[in-house]
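>>> pasting a predicted model and its sequence here:
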Amino acid sequence: MANNIPAGQEYYFRPYRWVILVAIALIQFTTNFANIQISALAGNIIEAMNLTTAQFGAVASCSFLGGAIFGFICGNLGDRYGIKKVIALTGVLSIVGAIIRVFSQNFVTLFIGMFLIGVVMAALNANSAKIIARWFHPKQMGLIMSIYVALSTVGAVVALSSTPILMAGGMDIRGIFIIGLVTVIIAVIVWVILAREKPEGYPEETEVKSAAGYIKDVIGHKHLWLNSIAMFLMMGAFISCSTYMVVGTVTYKGLTEIQAGAFSSISAIVAVPLMIIVPAIITKTGKIKGGTCLILAVGAILVSLAWSRPNFTVPVMAVMIIGISLIGNGIPLMKQFPAYLPGIPQDSIGTAGGLQSTFQNLGAFLVPSYILGAIVGANIYIIFFGITIVVLIAALIMLFVPNINIKNPDAPDAQAAEE
């Protein structure tokens, strides 16, 4: 194996890279687990804290709002002061948020707690491309990013499946929130103890810039803006699928709430292996832009075709699940672009990832409720056709972004883009 390592790139293959993957995967899993616990407790929390539907919706989605507010800031701070410090500090804030949530008894305190839990999610999401690009060879980027992104879905699935069991066993809301708190504490402690800034032998930065210097490196990069706008649309559409899946299938497709919940859970479970396998295959081909556009277009069309069928049979459900999963596959693929787009300096990747992260979280927060939700109004039936249009627009925008050919960085398309 050692004989196959390119000279001067030994730092990409340090065994400690797997420890770093475990550390970021643990934060990704536990914070999403804690965040989604509230969705599984929807009816209980609304009743216990006397929340309106709008208030509960705000609480359930405010972690995305935190990501939108702090994503760019955390990416910039990661470039300026170091990723380990930024994630450790935001991890402490998230622990404080989880503690507040345990003792919350009304909308305001619950909102504050959930908002703070999302801060470390924003910091990790903003700096994930830089972390992985530092510790793993570019040819491994697709697989590792896919594993990292998939862990958020795994955390959500575990939260949705375990919470009803705990409630049935007699545990109350506070007890379930304590479990979420403990998991976040463990993840932050592991990060503080085990995380390292960069592997041994990684090229040193020639200079430490001011915060404005890192911003200047990326703010005028038109292809990063296009990628970020596409991420805004794609992430918003993907979250819209899960937001309206249960109510849509119950209202218009004849499923019971139990069947709709099971269908939603199966969709999430299927998405996990596909989110690892498909992006890894596309990355291996070296044509990431084309692969991203293709799976987004195919996923959008499959969702629209399945939703248009009058009878929601098992084969139709399977097509729907595959379509939604393919849309989700765009996340790990598009998150690679800040690390490898021509013209973005290596020491400014965190700021670039922060800009993309801001748009990603804004899309997750705005598109389901304030864009698609506002357009369709009470007619939720047409929401999935709206999702199709949004995803196709994202795929179209990505056509104007240069390919990041990780398989062969010296390919003509990469060179032309850099020029």
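Good, I have the coordinates.
>>> quick one: the strands in this structure, in order.
In order along the chain, the chain carries no strands (DSSP state E).
>>> low-confidence stretches in it?
Scanning the chain with the threshold set as pLDDT under 70 gives 1-8, 53, 205-208, 405-419.
>>> nearest the geometric middle of it, what residue?
Relative to the mean C-alpha position of the chain, the nearest C-alpha, by CA atoms, centre = their mean, is the one of residue 149, at 5.7 Å.
>>> now do the contacts for that residue.
Under the criterion of CB atoms under 8 Å, 6 or more residues apart in numbering, the contact partners of residue 149 comprise 28, 275, 331-332, 335. The way it works is simple: take the backbone N, C-alpha and C, and place the C-beta from them, glycine included.
>>> next: residue 123.
Taking CB under 8 Å, 6+ apart as the definition of contact, the neighbours of residue 123 are 70, 74, 78, 86-87, 90-91.
>>> what do you get for residue 223?
337, 341-343, 400-402, 417.
>>> still on that earlier bit, looking at the contacts of residue 123, which are in helices?
Taking DSSP state H as the definition of helices, the contacts of residue 123 contribute 70, 74, 78, 86-87, 90-91.
>>> now the buried members of these.
For the ones in helices among the contacts of residue 123, burial is judged from neighbour counts taken by 16 or more other CB atoms under 10 Å, and it is met by 70, 74, 78, 86-87, 90-91.
>>> residue 237: which of the residues you listed is nearest?
Within these, distances to residue 237 taken as CB to CB reach their minimum at residue 70, with 23.0 Å.
>>> now that closest one, nearest residue through space, not along the chain?
Take residue 70 and drop its neighbours on the chain: the residue closest to it by CB to CB, 6 or more residues apart in numbering is residue 122, 4.2 Å away.
>>> my guess is that neighbour meets residue 91, correct?
No - look at residue 122 against residue 91 with CB atoms under 8 Å: they stay out of range, at 11.4 Å.
>>> do you have the helices of the stretch 301-419 of the chain handy? List them.
Defined through DSSP state H, counting those that start in this stretch, the helices belonging to the stretch 301-419 of the chain, from first to last, are 314-334, 337-340, 349-366, 373-376, 383-398, 412-418.
>>> nearest to residue 118, of the ones you listed?
Closest of the helices of the stretch 301-419 of the chain to residue 118 is helix 349-366, at 8.3 Å (criterion: CB to CB).
>>> relative orientation of that closest one and helix 314-334 in degrees?
Counting by axes from the mean of the first three to the mean of the last three CA atoms, to 10 degrees, helix 349-366 lies at 150 degrees to helix 314-334.
>>> residues in contact with the closest residue to residue 48 other than its chain neighbours?
By the measure of CB to CB, 6+ apart, the closest residue to residue 48 outside its immediate chain neighbours is residue 173, 6.1 Å from it. Listed by CB under 8 Å, 6+ apart, the contact set of residue 173 reads 41, 44-45, 48.
>>> what about 10 Å?
Taking CB atoms under 10 Å, 6 or more residues apart in numbering as the definition of contact, the neighbours of residue 173 are 37-38, 41, 44-45, 48-49, 101-102, 104, 163, 167.
>>> first to last residue in stretch 201-214, what's the distance?
By CA to CA, to the nearest Å, the extent of stretch 201-214 from end to end equals 23 Å.
>>> which one of the contacts of residue 173 is nearest to residue 12?
Distance ranking of the contacts of residue 173 against residue 12, using CB to CB, places residue 37 first at 36.8 Å.
>>> ok, that closest one - how many residues close by?
Applying other CB atoms under 10 Å, we find 26 residues neighbouring residue 37.
>>> what's the answer for the one 10 residues further on, then?
For residue 47, the neighbour count with other CB under 10 Å is 9.
>>> what about it, distance to residue 41?
Note on residue 47: its distance to residue 41, by CB to CB, to the nearest Å, is 10 Å.
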